[in-house]
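J.: Whatever this is, show me its structure:
(one chain, ligands or ions: 2)
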Amino acid sequence: IIPPELRFAFLKLFNRTFHLFSPHCYFDITELDGVNTNELYNAVQLYLSSSVSIAAGNRLTLTRAVNSSSVTFGLSNNDSIVDTFNDVTVLWEHVVTQRQTQTFAWRPLPEEKRGFTLRIKKRDKVLILNSYLDYIVEKADEIRRKNQDRLLYTNARGGSLDSRGHPWESVPFKHPSTFETLAMDPRKKERIMDDLKDFVEGQMFYQKTGRAWKRGYLLYGPPGTGKSSMIAAMANYLGYDIYDLELTEVHSNSELRKLLMKTSSKSIIVIEDIDCSINLTNRATPKHRGGQETRSGSGLGEESGNGNTITLSGLLNFTDGLWSCCGSERIFVFTTNHIEKLDPALLRSGRMDMHVCMSYCDFSSLKILLKNYLGYEEEDVDEDVLKEMERVVEKAEMTPADVSESLIKNRRDKEKAVRELLVELKSRGEMNVKGGKLRGQSGNLRELEIVEEEEKRAIDNVEDETELEDNVCKD
Ligand SMILES: Nc1ncnc2c1ncn2[C@@H]1O[C@H](COP(=O)(O)OP(=O)(O)OP(=O)(O)O)[C@@H](O)[C@H]1O
Ligand SMILES: [Mg+2]
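T.: Ligands and ions are numbered 1, 2, ... in the order given. Okay, here's the model as predicted:
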């Protein structure tokens with residue numbers, strides 16, 4: 001009979017000799033690292049779930065996470081699978097063993113001990129190990145994004161942090177808006193989609209030109225014209241998460257910077273109603289606070305006075321400064337109802353790459369809404385009615401939200417819905433024409449005209465700029 005110590009020593013020696021002469025090396029990736037979850041384990045699991053094929057004869061587990069809209073495959077217990085990366089073949093084994101019963105633990109561990117073992121030929125190890133693991137993590141992220149619904153983050157918690165020290169709180173984002181359902185000029189829509197696509201595929205371009213990999217959009221127009229819907233459509237199109245930044249909840253520029261640092265790449269950072277969220281005139285005016293003069297807006301990395309207000313320069317640094325590049329592939333979207341109120345600094349070229357005007361419903365938008373709400377194609381609507389609609393729609397100045405409302409009201413009776421919409425378009429059109437005259441009579445027209453003229457000029461300028469910038473960017 002061999003004493004246990006000797007047996008153990010013998011086994012150890014055997015193992016060592018075996019590993020010395022074995023052409024392979026092995027890596028264990030356990031599910032838990034101490035008591036913490038091992039991110040790499042989850043990544044490998046997701047990665048393998050994408051590469052296994054049912055035909056391979058493997059036994060697979062199927063899982064579907066809460067709030068997820070798709071099923072993922074996984075490798076069953078103690079099953080193995082071959083994978084190739086850069087022409088190197090490796091073997092993955094999913095190892096599951098029973099954990100010894102615990103007598104006492106602060107935090108009970110799962111009954112099963114799970115892990116993946118990666119087997120690589122020794123000579124291949126240097127060649128691929130690091131790049132292979134990086135590749136797996138990246139791929140897993142991609143799968144996670146695809147499987148999961150988008151997340152909508154908000155900082156509206158008064159600057160407090162959650163239990164993990166995170167300033168953002170998230171909820172699943174299930175906005176059904178897509179570019180298909182978005183009612184706007186199809187050519188404009190196409191341009192925005194192309195721009196987004198170029199952005200996503202443009203890593204090399206941004207690297208080559210030395211630009212940070214980010215893009216800014218300014219959406220402006222009256223309420224109910226689809227600015228928020230456009231943001232949702234963008235997120236759904238790209239598969240990005242949304243960070244909805246509530247500027248009124250941010251107390252200092254440094255807090256803003258921290259928020260930015262905690263956003264992930266491949267995300268859209270949104271500031272709605274930018275003209276209302278921040279006093280945009282405070283850029284160059286010196287402030288007196290507590291007897292101490294502070295000048296906000298003097299440059300990069302500067303704090304705002306005693307640190308309890310956020311300034312335009314802080315915001316510009318947020319989108320443009322060095323800190324904005326601490327992640328990549330990020331899109332900034334600002335929305336406003338009053339573009340003319342914005343500081344020119346926000347509008348100057350290079351800051352917001354594309355200015356998109358969301359306006360009242362035109363004929364092409366109307367047709368999209370008829371399709372969305374009634375399932376009507378152009379030929380399903382009476383030709384005369386359609387012509388009449390085309391004639392009055394611009395004058396009516398109804399927002400897509402107004403039109404949607406009218407269509408929803410009568411959606412059970414489609415013909416009635418179309419009829420009533422036409423009536424409403426006409427009456428609004430007439431009212432606008434009459435209203436214009438009335439304004440004239442009351443002497444306010446001139447004033448209004450000036451405002452409109454100014455607005456138009458601002459918009460025209462902006463559009464010219466956009467054209468130019470777009471050309472520059474696309475070259
Ligand atoms: N262009 C559009 N295409 C499709 N639906 C639209 C469009 N514009 C508005 N709607 C409908 O009207 C509702 C309100 O639109 P949305 O919230 O996107 O407007 P908004 O421009 O963000 O307004 P606000 O300036 O008040 O924030 C949406 O839920 C959507 O159903
Ligand atoms: Mg909105």
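J.: Could you use CA atoms for every contact and neighbour count after this?
T.: Noted.
J.: Quick check: which element contains the closest residue in space to Ser404 that isn't next to it in sequence?
T.: Spatial nearest neighbour of Ser404, excluding adjacent residues (Cα to Cα, 6 or more residues apart in numbering): Leu369 at 6.8 Å. Secondary structure from DSSP states H and E places Leu369 in helix 363-374.
J.: Any residue of that helix touching ligand 1?
T.: No. Counting by Cα under 6 Å from any ligand atom, ligand 1 is not contacted by helix 363-374; separation bottoms out at 6.6 Å.
J.: Excluding chain neighbours, give the residue nearest to the residue in the stretch 351-475 of the chain positioned nearest to ligand 1 in space.
T.: Of all residues in the stretch 351-475 of the chain, the one sitting closest to ligand 1 is Ala401 (3.4 Å; Cα to the nearest ligand atom). Spatial nearest neighbour of Ala401, excluding adjacent residues (Cα to Cα, 6+ apart): Gly224 at 4.9 Å.
J.: wait, what's in contact with that neighbour?
T.: By Cα atoms under 8 Å, 6 or more residues apart in numbering, Gly224 lies in contact with Thr399, Pro400, Ala401, Asp402.
J.: do the same with Tyr240
T.: Contacts of Tyr240 by Cα under 8 Å, 6+ apart are Arg145, Arg150, Lys266, Ser267, Ile268.
J.: Redo the residues you listed as JSON lines? Include pLDDT and secondary structure.
T.: Output for these, formatted as JSON lines (pLDDT from 0 to 100; DSSP: H, G, I helix; E, B strand; the rest coil):
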{"residue": "Arg145", "pLDDT": "73", "secondary structure": "helix"}
{"residue": "Arg150", "pLDDT": "77", "secondary structure": "strand"}
{"residue": "Lys266", "pLDDT": "86", "secondary structure": "coil"}
{"residue": "Ser267", "pLDDT": "91", "secondary structure": "strand"}
{"residue": "Ile268", "pLDDT": "95", "secondary structure": "strand"}
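J.: Closest one of the residues you listed to Ile242?
T.: Ile268 (4.8 Å; Cα to Cα).
J.: Could you list everything the closest one pairs with in the sheet?
T.: On the basis of DSSP bridges, Ile268 is bridged to Ile242, Ile331.
J.: Run a quick neighbour tally on it.
T.: 28 (other Cα atoms under 10 Å).
J.: Tell me the spacing between it and Arg391.
T.: Per Cα to Cα, to the nearest Å, Ile268 is found 38 Å from Arg391.
J.: Near ligand 1, which residues of the chain are found?
T.: Contacts of the chain with ligand 1, taken as Cα under 6 Å from any ligand atom, map to 181-184, 222-229, 337, 400-401.
J.: which of the residues you listed are buried?
T.: Taking 16 or more other Cα atoms under 10 Å as the criterion, what is buried in those is 181-184, 223-229, 337, 400-401.
J.: In CSV, list these along with secondary structure and pLDDT.
T.: Below are these laid out as CSV (DSSP: H, G, I helix; E, B strand; the rest coil; pLDDT from 0 to 100):
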residue, secondary structure, pLDDT
Thr181, coil, 94
Leu182, coil, 95
Ala183, coil, 95
Met184, coil, 93
Pro223, coil, 94
Gly224, coil, 94
Thr225, coil, 95
Gly226, coil, 95
Lys227, helix, 96
Ser228, helix, 95
Ser229, helix, 96
Asn337, coil, 93
Pro400, helix, 96
Ala401, helix, 96
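J.: okay if I get the residues you listed as JSON lines plus distance to Ser76?
T.: Below are these laid out as JSON lines (distance: Cα to Cα, whole Å):
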{"residue": "Thr181", "distance to Ser76": "41"}
{"residue": "Leu182", "distance to Ser76": "43"}
{"residue": "Ala183", "distance to Ser76": "47"}
{"residue": "Met184", "distance to Ser76": "49"}
{"residue": "Pro223", "distance to Ser76": "53"}
{"residue": "Gly224", "distance to Ser76": "51"}
{"residue": "Thr225", "distance to Ser76": "50"}
{"residue": "Gly226", "distance to Ser76": "47"}
{"residue": "Lys227", "distance to Ser76": "46"}
{"residue": "Ser228", "distance to Ser76": "43"}
{"residue": "Ser229", "distance to Ser76": "42"}
{"residue": "Asn337", "distance to Ser76": "54"}
{"residue": "Pro400", "distance to Ser76": "51"}
{"residue": "Ala401", "distance to Ser76": "50"}
